[in-house]
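Peer 1: need a 3D model of the sequence below.
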Amino acid sequence: MSHHSPIPLAPRILIVGGGAREHAIAWKLAQSDRNLQLYAAPGNPGMAQLCTCVPISASAIEELVRFAVAERMDLVVIGPEQPLALGLADALREQGMAVVGPSQAAARLETSKSFAKEVMKRAGVPTAQAESFTDAASARAYVEAHGAPLVVKADGLAAGKGVTVARTLAEALAAVDEAMVGEKFGTAGQRVLIEDLLVGPEVSLMCFVDGETVVPMLPARDHKPVGDGDTGPNTGGMGAFAPVYDFIADGLDDEVVENIVRPTLATLRADGIDYQGVLYVGLMITATGPAVIEFNARFGDPETEVVLPLLRSDLLDVLWALANGHLADTEVAWADNEAAVCVVLAADGYPEHPRTGDLITLPPTTEAGVAFYAGTSRQDGLLVTSGGRVLTLLGVGKSFTAAREQVYRFARTVHFPGQHMRTDIAATAVERTI
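Peer 2: Take a look at the predicted model:
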């Protein structure tokens, strides 16, 4: 599909989803010089300042397709994994629509960890040795024979929470029982993957992929554990920073594209699966080089909130080219001397039992910084908490020190009962030296 379709004069764009990631996408698109008509389904109170929000759930596939067709959307950008898993991209493309988001078959790289492992094995992609089990007794036997440390993962979608890094045998056995016997993750844990623990710093590298062309974004680092110093349970992410300068200095972005992304896409293509969307590669930089921890079939969260602010090109140009197959002819430029840090303000009790319904007070102007809304809703016109990760705050500066100062100064002006955040996001980020 490499015929160049020009961008319409007032392009109508639908963003599917309603979290901080989707708010960041809308915020970046809204900076376009073009006269965009932005819509969000379902969106959130922050997105409502930029988009027309429509009350359709991100997983209501038929309703979303009907709306996109009836309202003549020129482009649909799919944020979360759930609609991809349900085949939203396929259903929209069947209607001839331009879509940012892979097919249901391609999204299995994220929705089935055992499928992803099998593809990586065939592609010769570096990743942890792993075995998959559908029977708790054989999973336990493997753990006992193998010993700790191990990583235990629910195979399906578990909202970023189905992974246990087990340092001891007891922890590993408990994690198997939790997923397979206690069904903590529902059907996602009916199959469990047990893999060797990779050691090293983590990096997230997202790529724009139009089926043929792969354009890496700036690398980011996410902070998963809930507490300072990486303590407490893993969450969907408590903050992030970009870029990861040592990763770029070592030329690892190109290495990952050549040795990981291209072979993976070629293996999918050999199975008749074309990948068109954003591919997120979660990496561990081991002693022997980058290895894949996981793939996501969409923009990462909270990485998107630090990567997109550093994009210099018009995001609409990039997403339009991606959806229409001419990414190769589109310049994708990044800020070369800016650092971004985002910090998640989480609700009391997150991640296990987040409290909701608390009143949020934000400073009257946005000069303090940018707030991307996540678990928020309006009740009687007032902004209240409605999820675990409530707001993602952004700071951008000429250094990580400056960006951190900005974001934490901003954080002190935002209030809701029981809020908590990590105070050490990007504290050890390596500053730019070149």
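
Peer 1: helices of the stretch 101-250 of the chain, start to end?
Peer 2: Secondary structure of the stretch 101-250 of the chain (DSSP state H, counting those that start in this stretch): helices at 108-111, 113-123, 136-146, 169-180, 245-249.

Peer 1: any weak-confidence spans in the stretch 1-150 of the chain?
Peer 2: Across the stretch 1-150 of the chain, the ranges flagged by pLDDT under 70 are 1-3.

Peer 1: kindly export stretch 173-193 (C-alpha atoms) in PDB.
Peer 2: The C-alpha trace of stretch 173-193 is given here as PDB (Å, rounded to 0.1, in the frame of the first residue of the first chain):
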ATOM      1  CA  LEU A 173       6.100 -22.300  43.500                       C
ATOM      2  CA  ALA A 174       3.700 -19.700  45.100                       C
ATOM      3  CA  ALA A 175       3.600 -17.800  41.900                       C
ATOM      4  CA  VAL A 176       2.700 -20.900  39.900                       C
ATOM      5  CA  ASP A 177       0.000 -21.800  42.300                       C
ATOM      6  CA  GLU A 178      -1.400 -18.200  42.300                       C
ATOM      7  CA  ALA A 179      -1.700 -18.100  38.500                       C
ATOM      8  CA  MET A 180      -2.700 -21.700  37.800                       C
ATOM      9  CA  VAL A 181      -4.600 -22.900  40.900                       C
ATOM     10  CA  GLY A 182      -5.800 -19.700  42.500                       C
ATOM     11  CA  GLU A 183      -6.600 -18.200  39.100                       C
ATOM     12  CA  LYS A 184      -5.400 -14.800  40.200                       C
ATOM     13  CA  PHE A 185      -5.200 -13.600  36.600                       C
ATOM     14  CA  GLY A 186      -8.300 -15.500  35.300                       C
ATOM     15  CA  THR A 187      -7.900 -17.200  32.000                       C
ATOM     16  CA  ALA A 188      -4.600 -15.300  31.400                       C
ATOM     17  CA  GLY A 189      -2.900 -17.700  33.800                       C
ATOM     18  CA  GLN A 190      -4.200 -21.000  32.500                       C
ATOM     19  CA  ARG A 191      -1.000 -21.200  30.600                       C
ATOM     20  CA  VAL A 192       2.200 -20.200  32.500                       C
ATOM     21  CA  LEU A 193       5.600 -19.400  31.100                       C
END
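
Peer 1: average model confidence for that stretch?
Peer 2: Mean pLDDT, stretch 173-193: 77.

Peer 1: excluding sequence neighbours, find me the nearest residue to residue 286.
Peer 2: Distances taken as Cβ to Cβ, 6 or more residues apart in numbering put residue 200 closest to residue 286, at 4.6 Å, once the chain neighbours are dropped. All C-beta atoms are positioned from the backbone trio N, CA, C, and that covers glycine.

Peer 1: now do the one you found, the pLDDT please.
Peer 2: For residue 200, the model assigns a pLDDT of 90.

Peer 1: could you list which residues are in contact with it?
Peer 2: 284, 285, 286, 287 (Cβ atoms under 8 Å, 6 or more residues apart in numbering).

Peer 1: 10 Å instead?
Peer 2: 283, 284, 285, 286, 287, 288, 289, 290, 291 (Cβ atoms under 10 Å, 6 or more residues apart in numbering).

Peer 1: I figured residue 369 hits residue 345, correct?
Peer 2: No: with contacts counted by Cβ atoms under 10 Å, residue 369 stays clear of residue 345, the gap being 11.9 Å.

Peer 1: more crowded one of these two?
Peer 2: residue 345 (24 against 21; other Cβ atoms under 10 Å).

Peer 1: for the residue positioned nearest the centre of the chain, give its distance to residue 255.
Peer 2: Centroid-nearest residue in the chain: residue 300, 1.3 Å away (criterion: Cα atoms, centre = their mean). Distance, residue 300 to residue 255, by Cβ to Cβ, to the nearest Å: 20 Å.

Peer 1: please apply the same query to residue 152.
Peer 2: 29 Å.

Peer 1: of the two, who's got more company?
Peer 2: residue 152 (27 against 13).

Peer 1: list the contacts of that one.
Peer 2: Taking Cβ under 10 Å, 6+ apart, one finds 133, 139, 143, 162-166, 171-180, 189, 192-195 in contact with residue 152.

Peer 1: can you say which of these are buried?
Peer 2: Buried members of those, scored by 16 or more other Cβ atoms under 10 Å, are 133, 139, 143, 162-166, 171-173, 175-176, 178-180, 189, 192-195.

Peer 1: bridged to the closest residue to residue 43 other than its chain neighbours, which residues?
Peer 2: Nearest residue to residue 43, sequence neighbours excluded (Cβ to Cβ, 6+ apart): residue 53, at 3.4 Å. Beta-bridge pairing for residue 53 (DSSP bridges): residue 40.

Peer 1: same deal with residue 373?
Peer 2: Under the criterion used (DSSP bridges), residue 373 bridges to residue 391.

Peer 1: how close does it get to residue 249?
Peer 2: Distance from residue 373 to residue 249, counting by Cβ to Cβ: 35 Å.

Peer 1: show me which of the two is the more surrounded one.
Peer 2: For residue 373 versus residue 249, neighbours defined as other Cβ under 10 Å are more numerous around residue 373 (25 against 12).

Peer 1: contacts only, for that one.
Peer 2: By Cβ under 10 Å, 6+ apart, the contact set of residue 373 is 18-20, 22-23, 43-49, 360, 362, 383, 386, 390-392.

Peer 1: so which of these belong to helices?
Peer 2: 20, 22, 23 (DSSP state H).

Peer 1: what's the closest of those to residue 406?
Peer 2: Nearest to residue 406 among those is residue 20, at 17.4 Å by Cβ to Cβ.

Peer 1: neighbours of that closest one, just the number please.
Peer 2: By other Cβ under 10 Å, 32 other residues sit near residue 20.

Peer 1: from residue 38, how far out is it?
Peer 2: Taking Cβ to Cβ, one finds residue 20 at 16 Å from residue 38.

Peer 1: most surrounded residue in the contacts of residue 200?
Peer 2: Counting by other Cβ under 10 Å, top hit in the contacts of residue 200: residue 283 with 26 neighbours.

Peer 1: for that one, what are its contacts?
Peer 2: Residue 283 neighbours (Cβ under 10 Å, 6+ apart): 126-127, 198, 200-205, 219, 244, 247, 252, 256, 260, 289-294.
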